[in-house]
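Enquirer: my questions concern the predicted model and sequence given below.
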Amino acid sequence: MRTEDLFREDATLLACDATIVAQGEGGVLLDRTVSYPLGGGQAGDTGWLSAGEQRWRITDTRKSKEHPEAIVHLIEGELPPVGATVRVEVDAARREAHRRFHTATHLLCALLPYPVDGCSITETYARLDFHTDEPFDRDAIQTGLTRLVAEAHPVRHRWISEEELDANPGLVRSMSVQPPRGLGRVRVLEVEGEDLQPCGGTHVGNTSEIGAIVITKIEKKSAKTRRVVLGFAQPSEA
Ligand SMILES: [Zn+2]
């Protein structure tokens, strides 16, 4: 059982038609979807399924535990029946926030040359933990972020072979999230001229789309971990 993951090729796609192929794990499995499942530090999408007059709330999206290549849409209340054709729609504002924050974390990686040992991307904040005991200069990092957004770097993904990844171990920035193996190919995300690393998440197409973003906190999580937390600028700060 496998769910075609349309969001991997096009993160701007907010809806598609799909068929319910199974019920289980608190929701339904679809043959295809635009809804991103929790993973790689990024929260899952929420949204709606609909068929005619009927509507079901997707409260979260997860990778299936039983079927490694399938995606579970967690549903509130009664589940739609197997075989039904449904419209899948993701919450556009939440997706947009994830795309902007997620791309901003790549900019932090471009500015801070340390391994990443933790990551969380949500609708309201993003945080990235770096494995280092170096002090971080908040003003310098903020200036760097603002500059990279203003420079409008194109952001794009491509697929490389596992052999190519093995030949370039420097590509893997994250200690906590290793790229999925065994599929023969790995998705890499490039912020042109600034950052290149394996990543399966949803991103914007150009750093200018990240908009006004601010460092809300820098903290020393442990002797060897520095945490950077990002938020969207309030209108008065933008
Ligand atoms: Zn990413």
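Expert: Looks like it arrived, so ask away. Residues are numbered from 1 along each chain as shown.
Enquirer: contacts, neighbours, all on C-alpha from now
Expert: Will do.
Enquirer: contacts only, for Leu6.
Expert: Taking C-alpha atoms under 8 Å, 6 or more residues apart in numbering, we find Leu6 in contact with Leu13, Arg32, Thr33, Val34.
Enquirer: low-confidence regions, the chain specifically.
Expert: Judged by pLDDT under 70, the chain has its weakly predicted residues at 175-177, 236-238.
Enquirer: could you give the backbone dihedrals for the residue most central in space within the chain?
Expert: Against the mean C-alpha coordinate of the chain, by C-alpha atoms, centre = their mean, the closest residue is Gly201 at 3.2 Å. Taking degrees, to the nearest 10, you get phi -80, psi -170 for the backbone angles of Gly201.
Enquirer: residues in the chain within reach of the ion, list them.
Expert: Applying C-alpha under 5 Å from the ion, we find that the chain lies next to the ion at Cys199, Gly201.
Enquirer: quick one: buried residues of stretch 120-137?
Expert: 120-123, 125-132, 136 (16 or more other C-alpha atoms under 10 Å).
Enquirer: kindly report the same for stretch 93-112.
Expert: Buried residues in stretch 93-112 (16+ other C-alpha under 10 Å): 94-111.
Enquirer: could you do stretch 45-53 as well?
Expert: Asp45, Thr46, Gly47, Trp48, Leu49, Ser50.
Enquirer: going by distance to Thr225, which of these wins?
Expert: Asp45 (28.6 Å; C-alpha to C-alpha).
Enquirer: can you give me every residue that contacts that closest one?
Expert: Ser35, Tyr36, Pro37, Leu38, Asp60, Thr61, Val90, Asp91, Arg94, Arg95 are the contacts of Asp45 under C-alpha under 8 Å, 6+ apart.
Enquirer: find the nearest non-adjacent residue to the first one, please.
Expert: What that stands for is Ser35. Asp45 (5.5 Å; C-alpha to C-alpha, 6 or more residues apart in numbering).
Enquirer: repeat for the last one
Expert: For Arg95, ignoring the flanking residues on the chain, the nearest one in space by C-alpha to C-alpha, 6+ apart is Asp45 at 6.6 Å.
Enquirer: A helix includes Cys109, no?
Expert: Yes - Cys109: assigned to a helix according to DSSP: H, G, I helix; E, B strand; the rest coil.
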